[in-house]
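> Sequence and computational prediction follow.
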Amino acid sequence: MTLDTVKNAETTPDQEQPYKELGLKDDEYTRIREILGRRPTDAELAMYSVMWSEHCSYKSSKVHLKYFSDTTTDEMRAKMLAGIGENAGVVDIGDGWAITFKAESHNHPSYVEPYQGAATGVGGIVRDILAMGARPLAVMDPLRFGPADAPDTRRVLPGIVAGVGGYGNCLGLPNIGGEVVFDATYAGNPLVNALCVGAMRVEDLHLAHASGTGNKIILYGARTGLDGIGGVSVLASETFDDTAGKRKKLPSVQVGDPFTEKVLIECSLELFRERLVVGIQDLGGAGLSCATSELASAGDGGMRVHLDRVPLRATGMTPAEVLSSESQERMCAVVRPEDVDAFMAVCAKWDVIATEIGEVTEGDRLVITWHDEVVVDVPPRTVAHEGPVYHRPIERPADQDRLRADTPDALPRPAREDLLELVKTMAASPNLASRRWVTQQYDRYVRGGTVLAQPADAGMIRIDESTNRGVALSTDCNGRYTRLDPYAGAQLALAEAYRNVATSGATPVAVTNCLNFGSPEDPGVMWQFEQAVKGLADGCVELGIPVTGGNVSFYNQTGATAILPTPVVGVLGVIDDVRRRIPTGIGAEAGETLVLLGETRPEFGGSEWAHVVHGHLGGLPPEVDLAREKLLGEVLVAGSRDGMLSAAHDLAEGGLAQALVETCLIGETGARVFLEGDLFTELFSESAGRVLVALPRTEELRFTDMCTARGLPWRKVGVVDPESDSLEVQDLGRLDLAELRAAWEGTLPALFD
Amino acid sequence: MRVGVITFPGTLDDVDAARAVRHADGEAVALWHADHDLKNVDAVIVPGGFSYGDYLRAGAIARFAPVMREVVEAAGKGMPVLGICNGFQVLCEAHLLPGALTRNDRLHFVCRDQWLRVENNETAWTSRYDRNAEILVPLKSGEGGYQADESTLAELEGEGRVVFRYVGGNPNGSRNEIAGITSANGRIVGLMPHPEHAIDALTGPTDDGLGIFLSLLDAVVSA
């Protein structure tokens, strides 16, 4: 095998290169040649191809994502310490604490290899949080699968759940929430999104940049191997001839080692504490290609890397493979020369391999050598930040009007005497049934700070044990709503995550997202994407909270069928005192009154009822009123602060019926409900902006007076009955709680045990 | 009361064990796996987690850590030792307690609030409980099935050395529903569930676990 050096590339300008196999278009390859003034070397081609991929360069989404920063006002930005473009967004939550949080997708690897795909998804997002200088504190996992009873879901779901649990549990991070959603469009393309939240003192914020000529670049953590190399292997097969057949190829999905990551976290935190790190970057997608080019690009000088010093776990790896390997559990730090010994000592204490692989140099080139021969010599910005940008064609899908005209109004409604049975049927349906089969595989207790976790509306953790300050998080998205109207659907996702956080008693302060869509080469998908981004950004302006970061995943489709557009929205909230959290279940206090906040309209477009009973998707999603959501949030936070609420539960899919079922079963307490008007609409409508609250009798008047004074519609809908073992709906009858529980909790075990 | 809390690479619940000690007005002392030093502590807790990743067999490598040699020696002289979850596995591997912990019978990792019956309130770690009291604490493990041969089980049962037993269903296939056991002298206790996660109803299901750490206080003070 001959090494393809820069010198070699200069003398062999006409050598054919497999750029198409690496995913580069003709014009992209031409541009690389223009930038370099010659053909790229194999190693350079590997770097550009992976860094200019959709996943790393955001080339189709960039022009749209700009809308987030364009619409963020100074007022919204006031609490933001770092935003889009960093490894993760950072928000000041007061008392000197900064919170960093971000979500990322690992959809395609998880379909190929469910356990490892999901596990390394968790590992990757945790390192993003660590790279900001924060201690990772909790994870959440929004997951989406094909039909619950489809044979392939039985293959994919248990593996993904075990992977999320296996990695997160071993890492010692509580899993405090997430989503499990079933829909036929995810059948060949499950969604595995992972969110991590971490905390640090404001002054400990670390950013990824390599500055200070002479500073050392240290790679630490796991060895680099052939796992996760993916497409770059075509380069190897080009250059290897007789040895190629003998080479052991590893699968292109990475393999995770949570133990190594746990040690890497503790080691990194000690390095930060000892002030031994100038800049830091995790190694995720695109491995060293990404870490070196991003560090150099964000810094004020150049960088020289001796690639042959990278510790390997495979023999005969080429420079291109070393640069592209996505081996997990690795970090790259920029360290002052005088701190290198101390840095190495901390790594030795934790048995973490650390290797000085390069230094920050004068000038503006990233130069990578392999046994003293130059194999990469590029301007790092052209790799990391100045990749191609596409204005993809956008067109509203032709079937959009037909879909919206096909309203659920004509669907047969259940007879009055069947309503109660429908409550039970709905509670047992796959999207509404208890998630316990999934969540009981996740450790929610580790670290001792979990105040709320599934099945609560939001996860909540204590950040400061001395002051009880904490944060709450929720992720949401209803892809059916987004399919009917991507602009409104994204706002509904935002509204629900916002409402969930407020329902726990926390004040929403910031937003992250994970935008999962079909192929950007489909103009209809790009229309959905553009609309969703606008809806989300405009919604954030209205609510006055910024988007601090996000992730885009395109090409989620099977053949020509795209997934439901799924912009998962995560909202972060702050609570001064976690002891004021509002639980989800009723029965905490004797004699509670049930009050429904908000207004109920006959809204069934995209509803769970239409889906479960009629397999129908059409019409318009529920109306969004973000001003109302904001008011509702303020009322809930005031209710929490003044101890007026004993329980609260957000109304979402399945409407009031499902909220009642859950609040009774979670609280292990019965209730008597009296409704007025059309009982079907009352029970199953999915109107937004509604929360069911339980008020201790002593607080009832004070709370409802506050609602009236502030103009928030409210209505008494029932009473909690600690003596009762049923959910009774006046004029309809009663549902035995034990029977209801068997229906609600039995579905997932029956499918997946 | 100085209580050592060991950290192996991969230990996770050391912060929780230390917090529980502080809640019981003890002083938590961090012990490092690689040190031959117990720092003059009065008792030792081997906390939960995945020591060394537990890729071989839970606790199998941790028992060879330098600090464990000191623990075994001190335990021989009567120092109270508590092993929680992975710590219980380590104590079994180190032969401070009999038996072994195996993969849950239903194979999945299980995290849930679990009722336990306190069957022996005469150990160094359980004196604050009433005999046969039922407590609710988290259980979270993938390899929590307690196994021992018939003669060992008969010995444990006969000598009243089963300290905690699962109530309301066996979550992991443990023999005789055993959740925790003690040494012949009642100074060493190992259990799979996590009392350190139940010291405050804010962050745990109950504060039922605090009794373990308060019991130790009595044992150390009276000694």
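That came through fine. Numbering: from 1, shown residues only, chains lettered A, B, ... in the order given.

> Compute the first-to-last residue distance for stretch A:275-289.
26 Å (Cα to Cα, to the nearest Å).

> which bits of chain B sit near chain A?
B:9-10, B:12-13, B:15-16, B:19, B:49-50, B:52-55, B:106, B:108-112, B:138, B:140, B:142, B:194, B:196-197, B:202-204 (Cβ under 8 Å from any Cβ of the partner chain). For glycine as for every other residue, the C-beta is placed from the backbone atoms N, C-alpha and C.

> What subset of those is buried?
For the residues of chain B next to chain A, a burial check counting by 16 or more other Cβ atoms under 10 Å in any protein chain shown picks out B:9-10, B:12-13, B:15-16, B:19, B:49-50, B:52-54, B:108-111, B:138, B:140, B:142, B:194, B:196-197, B:203-204.

> Can you flag which of those belong to strands?
Secondary structure assignment by DSSP state E places B:110-111, B:138, B:140 of those in strands.

> Identify the residue nearest the closest residue to chain B within the stretch 201-350 of chain A in space, chain neighbours excluded?
Residue nearest to chain B within the stretch 201-350 of chain A (Cβ to the nearest Cβ): residue A:259, separated by 2.9 Å. Nearest residue to residue A:259 in three dimensions, chain neighbours excluded: residue B:53, at 2.9 Å (Cβ to Cβ, 6 or more residues apart in numbering or on different chains).

> Go ahead and report the secondary structure state at the residue of the stretch 201-350 of chain A closest to chain B.
Put simply, residue A:259 is helix when judged by DSSP: H, G, I helix; E, B strand; the rest coil.

> my guess is it meets residue B:56, correct?
No - using Cβ atoms under 8 Å, residue A:259 is not in contact with residue B:56, being 11.3 Å away.

> So for those two, which residue has more residues nearby?
residue A:259 (20 against 9; other Cβ atoms under 10 Å in any protein chain shown).

> How about the contacts made by that one?
A:170, B:9-10, B:50, B:52-55 (Cβ atoms under 8 Å, 6 or more residues apart in numbering or on different chains).

> which ones are touching residue A:452?
Here residue A:452 is in contact with A:176, A:458-460, A:472, A:504, A:581, A:583-584 (Cβ under 8 Å, 6+ apart).

> Same check on residue A:589?
A:646, A:694, A:696.

> again, 10 Å this time
A:645-647, A:694-699, A:720, A:722 (Cβ atoms under 10 Å, 6 or more residues apart in numbering or on different chains).

> which stretch of helix or strand covers it?
Element membership for residue A:589, per DSSP states H and E: none, as it lies in no helix or strand.

> Leaving out chain neighbours, which residue sits closest to residue 58?
No chain in the question, so chain A it is. residue A:552 (5.9 Å).

> try chain B instead
Closest to residue B:58 by Cβ to Cβ, 6+ apart is residue B:89, at 4.1 Å.

> Look at that neighbour and give its secondary structure.
In three-state terms, and counting by three-state DSSP, residue B:89 is helix.

> can you list the weak-confidence ranges in chain A?
A:1, A:85, A:208, A:230-252 (pLDDT under 70).

> Now do the contacts for whatever residue of the stretch 51-200 of chain A ends up closest to chain B.
Distances between the stretch 51-200 of chain A and chain B by Cβ to the nearest Cβ are smallest at residue A:172, namely 3.3 Å. Residue A:172 is in contact with A:136, A:258, A:261-262, A:265-266, A:443, A:446-447, B:10-16, B:48-50, counting by Cβ under 10 Å, 6+ apart.

> try residue B:21
B:1-5, B:27-29, B:43, B:45, B:196, B:199, B:213, B:216-217.

> and those residues, which are buried?
B:1, B:3-5, B:28-29, B:43, B:45, B:196, B:199, B:213, B:216-217.

> Of those, which is the nearest to residue B:134?
residue B:199 (17.5 Å; Cβ to Cβ).

> Go ahead and confirm that closest one touches residue B:135.
No - using Cβ atoms under 10 Å, residue B:199 is not in contact with residue B:135; the gap is 11.9 Å.

> Find the residues that touch each one of the two.
B:206-212.

> For residue A:577, give me its contacts.
Contacts of residue A:577 by Cβ under 10 Å, 6+ apart are A:462, A:467-470, A:505, A:640-641.

> run the last query once more with 7 Å
residue A:468 (Cβ atoms under 7 Å, 6 or more residues apart in numbering or on different chains).

> And for the one 5 residues further on?
Listed by Cβ under 7 Å, 6+ apart, the contact partners of residue A:582 are A:503-505, A:640, A:645, A:647-648.

> do you know how far it is from residue A:320?
54 Å (Cβ to Cβ, to the nearest Å).

> Could you pick out the residues of chain A near chain B for me?
Residues of chain A lying close to chain B (Cβ under 7 Å from any Cβ of the partner chain) are A:165, A:169-170, A:172, A:259, A:262-263, A:350-351, A:440-451, A:462, A:578-579.

> which of the residues you listed are buried?
Buried among the residues of chain A next to chain B (16+ other Cβ under 10 Å): A:165, A:169-170, A:172, A:259, A:262-263, A:350, A:440-451, A:462, A:578.

> Of all the residues in chain B, which one is nearest chain A?
Closest point on chain B to chain A, by Cβ to the nearest Cβ, is residue B:53, at 2.9 Å.

> how about the helices in chain B?
B:14-23, B:66-76, B:86-93, B:150-158, B:210-222 (DSSP state H).

> ok so residue A:142 is a strand residue?
Yes - Residue A:142 forms part of a strand when assessed by three-state DSSP.

> what's the burial count for the residue nearest to residue A:584 when sequence neighbours are not counted?
Once flanking residues are discounted, residue A:584 sits nearest to residue A:456: 4.7 Å by Cβ to Cβ, 6+ apart. Residue A:456: 25 surrounding residues under other Cβ under 10 Å.
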